[in-house]
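1. I would like the atomic coordinates for the input below:
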Amino acid sequence: MRARLLTGTIELLQKKPGYLPTTYQLARHVHVSIGTVYRYFTDIESVMDELRTATIHDITTRLATGIGRAMDQAPADAIVTIVETLTSAFEEHEAVVRTAFAAGGSELGGQWKDIERPLLPLARIMPTRIRPDLDDDVLDDLVFLTMGATASLCMRVALFRPAGSDRTMLVATTARMLLAAFEGADSG
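-> So this is what the prediction gives:
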């Protein structure tokens, strides 16, 4: 039943992007009593918390896998792999991510740090490969900026690209921008 309520919430979020349904609307949508909803969740925010947690876990896992695939690729191809992976993850979780933005949050309701934290060691790999001349402090600053830029750019491509725009071209352009940041970094 818990999974059914979570799935029902996602369906409601997809029907009205950015709008947070009520527990009553959820109960009606999945054809259960309001008491059934409250048996599993205290309120709609607790449903959303669980959905955000699952979203963060999935995005983190997919991004770590994408970084792993990218490690043996040429730098330009590696960055495209990472951008494509993150963009696809945001697209798959569009309903939850859009609702986080609509609620006045940013970066998954301020939880982007939960995605970034376990990936920091992996995030250093590409810049270190591309720019082995950078010292640790410069590398840390570069990783800090490019992780934020990557998240923002991938989210724009996934959720906010204009109708009719070329997704493949946007992913490639994002990758070139990030690669330029790595290649153009001052060695301090």
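
2. for the protein, give me the ranges with low pLDDT.
-> 103-112, 114, 187-188 (pLDDT under 70).

3. rerun that using 90 as the cut-off
-> 17-19, 52, 56, 60, 64, 71, 97-130, 147-148, 151, 182-188 (pLDDT under 90).

4. within its local environment, how many residues does residue 145 see?
-> 13 (other CB atoms under 10 Å). Every C-beta, even on glycine, is put in place using the N, C-alpha and C of the backbone.

5. one more: residue 99?
-> For residue 99, using other CB under 10 Å, the count is 25.

6. show me what contacts the closest residue to residue 29 other than its chain neighbours?
-> Of all residues beyond its chain neighbours, the one nearest residue 29 is residue 8 (5.0 Å), with distances taken as CB to CB, 6 or more residues apart in numbering. By CB atoms under 8 Å, 6 or more residues apart in numbering, residue 8 lies in contact with 26, 29-30.

7. can we see that at 10 Å?
-> Going by CB atoms under 10 Å, 6 or more residues apart in numbering, residue 8 touches 21, 25-32, 37, 47.

8. quick one: these as CSV, columns for secondary structure, neighbour count and distance to residue 130 too.
-> Converted to CSV, those look like this (DSSP: H, G, I helix; E, B strand; the rest coil; neighbours: other CB atoms under 10 Å; distance: CB to CB, whole Å):
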residue, secondary structure, neighbour count, distance to residue 130
21, coil, 21, 45
25, helix, 17, 49
26, helix, 22, 47
27, helix, 19, 52
28, helix, 16, 53
29, helix, 16, 48
30, helix, 18, 49
31, coil, 9, 54
32, coil, 17, 53
37, helix, 25, 50
47, helix, 23, 42
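
9. tell me how far residue 113 lies from residue 60.
-> Distance, residue 113 to residue 60, by CB to CB, to the nearest Å: 11 Å.

10. so those two - more neighbours on which side?
-> residue 60 (17 against 11).

11. once you drop chain neighbours, what's closest to that one?
-> Nearest residue to residue 60 in three dimensions, chain neighbours excluded: residue 115, at 4.9 Å (CB to CB, 6+ apart).

12. can you classify the residue nearest the centre of the chain by secondary structure?
-> Computing the C-alpha centroid of the chain and ranking residues by CA atoms, centre = their mean puts residue 90 first, at 4.7 Å. Here residue 90 takes the helix state, with states given by DSSP: H, G, I helix; E, B strand; the rest coil.
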